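Q: Quick one: sequence plus predicted model below, questions after.
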Amino acid sequence: MTNTKDRGQNIAALRRLAPYLRPVRARMIGSGTAVLASMVCGLTIPLVVQRILDGPVADGDTSGLGWLIAAVGALGAGEALFFFIRRRLISGPSTRIEAELRDDLYRHLQRLPISFHDRWQSGQLLSRAVSDLSTLRRFIAFAFIFLIVNSLTLVLGLVVLFVLDPVLGTISTLCSLPLVLISTLYESKYAVLARRAQDQNGDLATTVEESVLGIRVLKAFGRGPHLAGTFAAQARELRRTELRKVHVIGLLWAAIIMLPEIAIGGHLLYGAFAITDGTMTLGTMVAAVAVATYLRWPTDSIGWLLAESNQAATAAIRYWEVRDAPVTITDPDRPRRLPSATGHLRFDHVHFAYPGSDGETLRGVTLDVRPGETVALVGATGSGKTTLTALVGRLADVTSGRVTIDGVDVRDLELARLREVVATAFEEPVLFSASVRENIALGGGADVTEDDVRQALRVASATEFVENLPWGLDTRIGEQGLSLSGGQRQRLALARAVVGRPSVLVLDDPLSALDVHTEAEVEQALRSVLRDVTALVVAHRPSTVQLADRVALLSGGRIAAVGTHSELLATNPEYRALLSTLDDERSEVVA
Ligand SMILES: Nc1ncnc2c1ncn2[C@@H]1O[C@H](COP(=O)(O)OP(=O)(O)OP(=O)(O)O)[C@@H](O)[C@H]1O
């Protein structure tokens, strides 16, 4: 029952690839036909050999031998030529399909909400985007076609054997039948192991990725050997699964290899008696053995091809698991226009709960940030500041209530338009493996000019250090900008946020990695930016609070108080207490 269900699931996952195959089906059919033609050539050679043995050799008359030898040569050349044509025809389509599948996966990953990425390990996504898709390419280019062609060749070969001699045909057919039974038995076992191995590959990729990204932490805490132990254990697990796969497929192979040998043995035994009795010619027996030998590859390969197909089905299932993940943050059906945003940002009775969590993180936040105003968001750690800021650019959607810009619910705006209006700089300034210019331009869409980039650098007080980089704006910064200091990365992230001249700027503790001197510089620059935009700034330190016109205190999932820094200091004990801990942390850091 389960087998049938699994097989159904496997086939369904592979059938869903049909739209990708359709545009290249002519080439695929051409490739299949070429390989079939190649095999027909191969299968015909034994029949010519039969003619040679039963004709010129038996009669002692070599007059027609030349043509027959030429025919063998031509068939051999045809076999090779058709095989070559197959390869030429299929390599383009299979790599094209792989690229399209990969493109679509990547595009989908970009559209999936942050909640999806929170749940999924990046290594699992990586292994699906890389190794699973290579498995699918191999399947399309090879296993898929050969599974069909080899089965056809097997049937064709059996027909030839029947024509040569019905008994020989029956012997080979009887030896082929157990193949079906063995393959069915083995298939479900192998499918489970294939899935396990592919998942374990993903886990391994996650460990490698995390340890590379976190290499500083691991070194600083001397935890490298510990993680190496974890990695080795995972690698051993994977090896065990691979060995079990080899064991299962080994049994199948042993059976599959044995069957054609038994058939050949049967042919020789029967043929020897039949020739002695005079009911069979030597040429027929040699031809039959040659055909049976030729059928060894189509038969032997079935096990391997089934393994490849199984692996491909697992890869397809894993691929569709990601592609089927719903895109929950989408463009509205009827987007509203926001011609020129003034940047009036409002949170209106906003509630938010993380999927799967027991309680709400935000329980009715109402906050008004007027055009051009800067509001600092202050709250204890874990109070929901980052969560609240994520709702502005729709990195997550409110559970209830609404966030509006100039009176328009952010969910009613086209996402592209919303993200033009709203720019965010995160606490962790992630930079990409690209030039400084490209990293900054990323924040402003396609029409960012050189002047925009330079202006953004000035605002973020980054001009000087960028000019001092070996190739200035063209300097490639490493993965995550690892070759830059924390403060430099943060300033580039800031430049990236302001380059598109957004109306609403969301800054999640943008000054956390700056030293006192640089902080003062960036703060000064920020003041000038903040004059022109509406800004919501998560503040972890008193100096950031000073940048704001007003301060909002987030506590218990609500805005507990709003006022100027000095008002809140004077009137709100919770704010005072919070600020004093921030002050303490700050002085500890400075000390
Ligand atoms: N992806 C998530 N899934 C479930 N819960 C989450 C997720 N991200 C954050 N939380 C929880 O939501 C709460 C608020 O987190 P958030 O990061 O918004 O707080 P914060 O005020 O920004 O904290 P900090 O000042 O430490 O940066 C925390 O209890 C946190 O554990």
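A: Structure received. Numbering: from 1, shown residues only.

Q: Quick one: the strands in the protein, in order.
A: Ranges of strands in the chain, per DSSP state E, are 345-352, 362-369, 374-379, 400-405, 408-409, 422-425, 434-435, 476-477, 504-508, 534-538, 550-555, 558-563.

Q: Figure out which of those is closest to the ligand.
A: Nearest of the strands of the chain to the ligand, taken as CB to the nearest ligand atom: strand 374-379 at 5.3 Å. Where you see a C-beta, it was placed from the backbone N, CA and C, and this is true even at glycine.

Q: and the closest one, C-alpha only, in PDB?
A: Provided in PDB are the C-alpha atoms of strand 374-379 (Å, rounded to 0.1, in the frame of the first residue of the first chain):
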ATOM      1  CA  THR A 374      12.200  60.700  13.900                       C
ATOM      2  CA  VAL A 375      10.800  58.500  16.600                       C
ATOM      3  CA  ALA A 376      13.200  56.300  18.600                       C
ATOM      4  CA  LEU A 377      11.800  53.000  19.700                       C
ATOM      5  CA  VAL A 378      13.000  51.900  23.100                       C
ATOM      6  CA  GLY A 379      12.200  48.800  25.000                       C
END
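
Q: Spell out which residues of the stretch 351-500 of the chain are next to the ligand.
A: Within the stretch 351-500 of the chain, the positions near the ligand by CB under 6 Å from any ligand atom are 354, 357, 361, 379, 381-387.

Q: Give me the contact list for stretch 283-291.
A: Stretch 283-291 is contacted from outside by 43, 45-47, 49-55, 57-58, 157, 160-161, 164-165, 168, 264, 267-268, 271-272, 274-275, using CB atoms under 8 Å, 6 or more residues apart in numbering.

Q: Look up how far the ligand lies from Arg296.
A: 56 Å (CB to the nearest ligand atom, to the nearest Å).

Q: swap in Ala462?
A: Applying CB to the nearest ligand atom to Ala462 and the ligand gives a distance of 24 Å.

Q: Identify the residue nearest that residue in space, chain neighbours excluded?
A: Arg491 (4.1 Å; CB to CB, 6 or more residues apart in numbering).

Q: is it true that that neighbour touches Arg458?
A: No. Using CB atoms under 8 Å, Arg491 is not in contact with Arg458, being 10.9 Å away.

Q: Give me the subset of the contacts of stretch 283-291 that lies in helices.
A: Among these, the ones falling in helices (DSSP state H) are 43, 45-47, 49-52, 58, 157, 160-161, 164, 168, 264, 267-268, 271-272, 274-275.

Q: And Arg491 and Arg458? Which one has more around it.
A: Arg491 (30 against 15; other CB atoms under 10 Å).

Q: So for that one, what's the pLDDT?
A: Arg491 carries a pLDDT value of 84.

Q: Kindly report the same for Leu181.
A: 76.

Q: separation between it and Leu259?
A: 11 Å (CB to CB, to the nearest Å).

Q: List the single closest residue to Leu282 in space, sequence neighbours excluded.
A: Leu53 (5.6 Å).

Q: list the contacts for the one you found?
A: Counting by CB under 8 Å, 6+ apart, Leu53 makes contact with 281-283, 286-287.

Q: So which of the residues you listed sit within helices?
A: Using DSSP H, those in helices are 282-283, 286-287.

Q: quick one: which of these has the most company?
A: Neighbour-wise, those (other CB under 10 Å) top out at Ala287, 26 neighbours.

Q: Give me the buried entries from the ones in helices among the contacts of stretch 283-291.
A: Buried members of the ones in helices among the contacts of stretch 283-291, scored by 16 or more other CB atoms under 10 Å, are 43, 45-47, 49-52, 157, 160-161, 164, 168, 264, 267, 271, 274.

Q: before we move on, the earlier item: buried ones only from the residues of the stretch 351-500 of the chain next to the ligand, please, as a ChimeraX command.
A: Typed into ChimeraX, the line below selects the buried ones among those, using 16+ other CB under 10 Å:
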select :361,379,383,384,385,386,387
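
Q: Give me the contacts around stretch 359-366.
A: The list of residues contacting stretch 359-366 from outside it, by CB under 8 Å, 6+ apart, reads 347-354, 384, 387-388, 399, 401, 554, 556-559.

Q: how far does it sit from the chain's center?
A: 34 Å (CA atoms, centre = their mean, to the nearest Å).

Q: likewise stretch 392-403?
A: Distance, centroid of stretch 392-403 to centroid of chain: 27 Å (CA atoms, centre = their mean).

Q: which residue does the stretch 101-250 of the chain bring closest to the ligand?
A: Here the stretch 101-250 of the chain gets closest to the ligand at one residue, Asp118, 4.0 Å apart by CB to the nearest ligand atom.

Q: and that residue, how many neighbours does it have?
A: Asp118 has 11 nearby residues by other CB under 10 Å.
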